[in-house]
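J.: Here is my input, please return the structure:
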Amino acid sequence: QVATGTRLEKSVLLYDALSNPHIFVARSDALDQVIVHYQKDLSGQWQNETVVHFYNAGGKFIYELSADTGPGYSFHLAVLKTRSDVDSDDFWDAWIGANLYYCTNSTGAWTKELIHHYNTAWTEDMYIKSSSRQDIKMDGDGYVHVVFSEQVIAEETPSRLLYATNRSGSWTIETALSNIYGASDDAGWFPSLALDMYGTPHVSCMYVNRVATLSATYCRLFFLERLGPGWWQIDIIADSDDGYYGGDGRRYTGALSHLVFDADNMPHIVFSDVASTHWPGSQLLNVGNIRYGNLEGGEWIFNTIYRQPRPTGFLNATEMHGICLAISEDTGTFRVIGQELVVTGQDQYTCGLVDFDWDHRAPAVPQGFKGKTAAAGLELSWAANTEGDLSRYALYRGHESTFIPGPENLVIETADTSAVDSAWTQSDFFYKLAAIDVYDNESGHAVLFPGDIVATLLSGYTAKVGERHIEVSWTLSRAGIDGFTVLRSEGSGDGYRELASPVMIGQALAFSFLDHDCKPGRHYIYRVGFLDDDELRILFETEPLCINSPSPALQQNFPNPFNPTTTIAFEAIDGSCVDLSIYAVDGRLVRKLLNGRIEGGYREATWDGTDARGDRVSAGVYFYRLKIGKTVMTRKMVLIR
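T.: Purely as a prediction, here's the structure:
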């Protein structure tokens, strides 16, 4: 339990650079509107501080609270104030004369400033009046980006999406998406803002075409990219329903949405569909189903991941009132959580959460792919993949090594780890094998070359990885080969290259070679062949082999306690991006000692007890944090004076 109260209206949970939780809570009453910041102290107890008192400035209700973390130990809030509670008797006019504020502690103390005074997008559609109409994100340089919906004129006229930023030193506001058609159209409803890895703002949002009766005749999901000041690329990425629609017609798409970029800088969106219906005395937009979309090859691909029944009346609807998407940086797993509302009668409803997760990654390439001749044709076999969501394997056959696997050259799909191709002859067939999971993600392809099928010559082979070398050994079933050629690929798409002088050892029918020119962390594939009538024949190909990189490690600083300097030692991975920073006990960044790519191995850094400006810091407890790739390690040290 963090806090109790009678008017705790909105809350946002964030984590700081040291993975400590922070909760911001908004409270509104007739006299004051307050935002309180809750955080844990070193003993694990929840403490709080007041961020801001509004005392009715800008309105008597905090309608929206959005937040994000910034560089160092900074927090950034976008606060929407309305003249009254949108659930009050003033419901119809509560959106008039709203004020959007920005609060931050980036300078140490909390400050408040007005971003914009405007009419926030009004709510004719009762069921979705509680949904978000703004979003805030911080870029890597510490600048703020905000999107929010504005009603252009306060009389059932178009709404539009505005974008604000303080990159110029003061707030600049521009229109990101405006109404295109009717005078009652709503543009930019329920925006979700995301910054890609380059800090470029992108937005997913809804556009609503309305007629004079306010029926939604055509809704669409938009995807926006800011190319420059006042310059937005605007794309309609979905414009047809998936079976969820109302009595006013079909083609309803887009409502609540959440936009996220993955580690490869590719966008992903979850959103709900819209059903517009006129019932006696009511005009409603219902939002149901959950759809997921991702960008593949420049084209958006959409799938419905959760279906709900279509609404059949004012008091009979099942809806989504909130959806969010998270992508794990460690595993690549996707997770979607939605807040579902089920209306069963007048003032009768239930709420619950729906939860989905799935793996968007393809399985690993099958290993140990080999073939041998038999009376029934060619017997092919491979090692079983270890993924828990594996569904089957697909085997393809072609006449060139560059053939593209597809339905036209599919031999078989099977859950087994072996197959027989009865159509095999002495022809130079090439085979490719892929693993497929239950989500139809297909792996890369293991390749079986015609030269691999030398059943009467190759008896077997092994490959071993040492600390600094790779050893490949094989045996033949008969003599007759004078020499071997070794080809190596580093798995980077640059093809195979012949090793100039591999250390080759041969005795009777057993052979091996050592490759000492290997670097940790890189994958190597070897092909061993021989010349047959001046033509290179491949005897076998290994699976990808990799020398393990040293594990990152962080040692205790020495001396400790110290004055005036101390040494911090750590183990780094070759070519990794390293961030070594000093923090105060309150989480404030004191100084960055290292930030960039370095060579791997044992490394040392020295701290002289000064901050980023070169000033000496006070005595006390400090933390030093090492981040190498996705690994984060933290230790404590004591400075004495």
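J.: could you check the distance from Glu113 over to Thr104?
T.: The spacing between Glu113 and Thr104, counted by Cβ to Cβ, to the nearest Å, is 9 Å. C-beta: built from backbone N, CA, C; applies to glycine.
J.: Which one's more surrounded, these two?
T.: For Glu113 and Thr104, the more surrounded residue by other Cβ atoms under 10 Å is Thr104, and the numbers stand at 21 against 11.
J.: Show me the beta-bridge partners of the nearest residue to the more buried one once chain neighbours are set aside.
T.: Spatially, and ignoring its direct neighbours in sequence, Thr104 is nearest to His76 (4.8 Å; Cβ to Cβ, 6 or more residues apart in numbering). For His76, the beta-bridge partners under DSSP bridges are Asp68, Thr104.
J.: For Ile327, see how far away His76 is.
T.: Distance, His76 to Ile327, using Cβ to Cβ: 22 Å.
J.: Who has more neighbours out of these two?
T.: His76 (23 against 16).
J.: In contact with the more buried one, which residues?
T.: For His76, the contacting residues are 67-70, 102-104, 106, 136, 138, 144, by Cβ atoms under 8 Å, 6 or more residues apart in numbering.
J.: Hmm, Ser204 and Leu256 touching each other?
T.: No: counting by Cβ atoms under 8 Å, Leu256 stays clear of Ser204, with 9.9 Å between them.
J.: Grab the most central residue of the chain for me.
T.: Asp262 (3.0 Å; Cα atoms, centre = their mean).
J.: got the contact list for the residue lying closest to that residue once chain neighbours are set aside?
T.: Of all residues not flanking Asp262 in the chain, Ile327 sits nearest, at 5.1 Å (Cβ to Cβ, 6+ apart). By Cβ under 8 Å, 6+ apart, the contact list for Ile327 reads 260, 262-263, 268, 333-335, 360.
J.: at 10 Å instead, please
T.: Each residue near Ile327 by Cβ atoms under 10 Å, 6 or more residues apart in numbering is listed here: 260-263, 266, 268, 333-335, 360.
J.: What about these, which one has the most neighbours?
T.: Result: Phe334 is most packed of the contacts of Ile327 (other Cβ under 10 Å), 23 neighbours.
J.: And that one, which helix or strand is it part of?
T.: Per DSSP states H and E, Phe334 falls inside strand 333-345.
J.: lowest average confidence, helix or strand, in this protein?
T.: Every helix and strand of the chain was ranked by mean pLDDT, DSSP states H and E. The lowest is strand 370-374, at a mean of 78.
J.: what comes up buried for that one?
T.: Within strand 370-374, the residues that qualify as buried by neighbour count (16 or more other Cβ atoms under 10 Å) are 370-371.
J.: Relative to the whole chain's centre, how far out is that strand?
T.: Mean-position distance between strand 370-374 and its chain equals 43 Å (Cα atoms, centre = their mean, to the nearest Å).
J.: Contacts for it, please.
T.: 377-383, 419-422, 424, 426, 429, 431, 446, 448-450, 452-456, 458, 460-461, 540-541.
J.: Just the buried residues from those residues, in ChimeraX please.
T.: Listed next is the ChimeraX selection for buried residues among these, using 16+ other Cβ under 10 Å:
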select :378,379,380,382,419,420,421,424,429,431,446,448,449,450,452,453,454,458,461,540,541
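J.: ranges for the helices of the stretch 451-600 of the chain?
T.: Taking DSSP state H, counting those that start in this stretch, the stretch 451-600 of the chain contains no helices at all.
J.: can you give me the strands in it?
T.: 458-465, 470-476, 485-489, 497-498, 503-507, 510-515, 523-532, 535-541, 545-546, 553-554, 566-572, 577-584, 589-597 (DSSP state E, counting those that start in this stretch).
J.: Can you say which of these is nearest to Ala394?
T.: Closest approach to Ala394 among the strands of the stretch 451-600 of the chain is made by strand 535-541 (19.5 Å; Cβ to Cβ).
J.: Which positions within the closest one qualify as buried?
T.: Across strand 535-541, burial judged by 16+ other Cβ under 10 Å covers 537-541.
J.: Same question for stretch 99-117.
T.: Of the residues in stretch 99-117, 99-106, 110, 112, 115-116 count as buried by neighbour count, 16+ other Cβ under 10 Å.
J.: circling back: report the two of the contacts of His76 separated the most.
T.: Greatest spatial distance in the contacts of His76: Thr69 and Tyr102, 14.6 Å, computed using Cβ to Cβ.
J.: Pairing partners for the least confident helix or strand of the chain, with directions?
T.: strand 377-381 (antiparallel).
J.: tell me the average confidence for the partner strand?
T.: Taken as a whole, strand 377-381 has an average pLDDT of 83.
J.: quick one: contacts of that strand?
T.: With Cβ under 10 Å, 6+ apart as the test, strand 377-381 has contacts from 368-373, 395, 397, 411-412, 416-425, 429, 431, 433, 448, 453, 455.
J.: same check, this time on stretch 501-515
T.: The list of residues contacting stretch 501-515 from outside it, by Cβ under 10 Å, 6+ apart, reads 459, 461-464, 466, 469-479, 481, 483-486, 488, 499, 516-517, 524, 526, 528, 539, 545.
J.: Counting residues, name the longest strand you see in the protein.
T.: Longest strand of the chain, by residue count under DSSP state E: strand 282-296.
J.: Now it: buried residues?
T.: 283-294.
J.: ok, back up a step: shared neighbours, Leu256 and Ser204?
T.: Common neighbours of Leu256 and Ser204 (Cβ under 10 Å, 6+ apart) are 190, 192, 270-271.
J.: Neighbour-wise, give me the winner out of those residues.
T.: Among the shared contacts of Leu256 and Ser204, the one with the most neighbours (other Cβ under 10 Å) is Phe271, at 30 neighbours.
J.: Can you give the distance of the strand or helix carrying it from its chain's centre?
T.: For Phe271, the enclosing helix or strand under DSSP H and E is strand 267-279. Remark: strand 267-279 is offset 23 Å from the chain centroid, using Cα atoms, centre = their mean.
J.: I appreciate the help and will end here.
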